[in-house]
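In: Sequence first, predicted coordinates after that:
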Amino acid sequence: MALTLARNEMEEDMDRLICDLETKSRVPWDSDKGLIRLIRAVIGVDRRESTIRIYEMMKRNR
C-alpha cells in the first residue's frame, strides 16, 4: 500500500497511513523485508516526519 501511495504522489495519505500504523495497529516490526519496503516508500516521497515516526515505533518495540 505504501508503495502505491508513493508512486501516485499521495504524500498526505502516506502520512495518515504511518500515523494509523503507529496509533491503531500492532505491527510486528521484526519483518525486515516489509519494513525495508515501507521505509523506502516513505523516503522516496521525502516524508521526513513519517520516517521519524517509523524510527520511533521501531525503537519502542525493540
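Out: Now that the structure is in, tell me what you want to look at.
In: Against T23, how distant is G44?
Out: Between G44 and T23 the computed distance is 23 Å (CB to CB, to the nearest Å). For every residue, glycine as well, the C-beta is placed using N, CA and C.
In: And R40, by the same measure?
Out: Note on R40: its distance to T23, by CB to CB, is 23 Å.
In: what residues does the host helix or strand of R60 touch?
Out: Element membership for R60 (DSSP states H and E) is helix 48-61. The contact list for helix 48-61 (CB atoms under 8 Å, 6 or more residues apart in numbering) reads 14-15, 18-19, 21-22, 27, 29, 35, 38-39, 42-43.
In: Ok, stretch 4-19 next?
Out: Applying CB under 8 Å, 6+ apart, the external contacts of stretch 4-19 come out as M1, A2, A41, V42, G44, V45, D46, R47, E49, S50, R53, I54.
In: Run a quick neighbour tally on the last one.
Out: Which is I54. I54: 21 surrounding residues under other CB atoms under 10 Å.
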